[in-house]
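Q: return a 3D structure for these sequence lines:
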Amino acid sequence: MGAADLVPGVSGGTIALITGVYKELLESINNFSWKKIKLLKNGKLKEFWNQINGSFLLSLFSGILSSILLLSRALEWLINNEPIALWSFFLGLLTASILYLIKTELKYNLNSIFFLVVGCLISFFITQLSIFTNELPIWYIFIAGFFGISAMILPGLSGAYILVLMGVYKEILSMVRQAQDLVFNFNQEQFFEVTSTLSIFILGILLGIKIFSKLLSWLLNYHHETTFAILIGLMIGALGKVWPWKNQISNIGENDLKFNIAVLPQNFDGSSPDIEKSLILMFLGFILVFVLEQSKILSKNET
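A: Model prediction:
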């Protein structure tokens, strides 16, 4: 999930759905409340840990944080130097996930098909929005964290892409790298700048994930069929964003990211479409989903 959340166009929520932890993630976040924290004040640590599903949350968020810290540089390099390979892998991953969820969760009725189309249109519209940058006030960093995490836990919507749209992606990624550098080369002025920005961003994340997870849990509990139809639609609408072959059609702002449009490999303007490499990585991403599903089934049977 951490690796996916770093890549604009890929959703950590999709990975959570693939691995079967999505519902447990939402429920565990919702269980965390001030009432539970009071158990700590009364010295009931074990009861508190069990009620918030602490082992699950610790494992999951440790994995996410470790991935972000370890892979931020590698993913930045892959995006810049091996974009076709990276996007091909995620395209295979996303396609297999959609097919699996259609098979297991989608109901073939008019209501589900309608909301599936609605989800597709919402996701497609968001991925086509123009990118912009401005000088970033501290309150805007908070808002970016709030909405970014909301998208990160929605399958099909990329939290990183929302940050790109809001013009904060480069700064946040840079701050994460600077935080790593401070461990080995401490600078007080840089430390205060990095910690103040990341603290406000994380505060927005904590508030956003608490509010949005509660909404999603309610929808899954009381409108399960409709919610899954929309979630699958969101994932389908995001396929164009992870398409490996894109041509640049415009540049918005002097130092901003390029605006790209998906094309067929034969119309690709880059040096080489790398079709063989792309197909191999699509296949690996596709197969990975079914490996994860089989391992999940086996672990359930053992339990």
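Q: any idea how far Trp87 lies from Ala238?
A: From Trp87 over to Ala238 the distance is 12 Å, taken as CB to CB, to the nearest Å. C-beta coordinates here come from the backbone N, C-alpha and C atoms, glycine included.
Q: scratch that, Leu75 is what I was asking about
A: 18 Å.
Q: which one of those two is surrounded by more residues?
A: Ala238 (28 against 21; other CB atoms under 10 Å).
Q: next one: phi and psi at the more buried one?
A: Here is the backbone geometry of Ala238 (degrees, to the nearest 10): phi -90, psi 0.
Q: now do Ile153
A: phi -100, psi 10.
Q: what about Ile211, how many neighbours?
A: Neighbour number of Ile211 under other CB under 10 Å is 13.
Q: go through stretch 27-38 and flag the buried ones.
A: By neighbour count on 16 or more other CB atoms under 10 Å, the buried set for stretch 27-38 is 28-30, 32.
Q: local confidence estimate at the residue lying closest to Phe125 once chain neighbours are set aside?
A: Closest residue in space to Phe125, ignoring its immediate chain neighbours: Gly237 at 7.9 Å, by CB to CB, 6 or more residues apart in numbering. In the predicted model, Gly237 carries a pLDDT score of 84.
Q: what's the neighbour count on Gly237?
A: 24.
Q: pretty sure it sits against Ser123.
A: Yes. Using CB atoms under 8 Å, Gly237 makes contact with Ser123 at a distance of 2.8 Å.
Q: helices of this protein, start to end?
A: For the chain, the helices defined by DSSP state H cover 2-6, 12-18, 22-31, 34-41, 45-51, 54-81, 83-104, 110-127, 138-152, 159-165, 169-184, 188-222, 224-237, 275-302.
Q: quick one: closest of these to Phe268.
A: Proximity to Phe268 (CB to CB) singles out helix 83-104 among these, at 8.5 Å.
Q: by contact count, what packs against that closest one?
A: Packing contacts for helix 83-104, counted by 3 or more CB pairs under 8 Å, 6 or more residues apart in numbering; DSSP states H and E, involve helix 12-18, helix 54-81, helix 224-237, helix 275-302.
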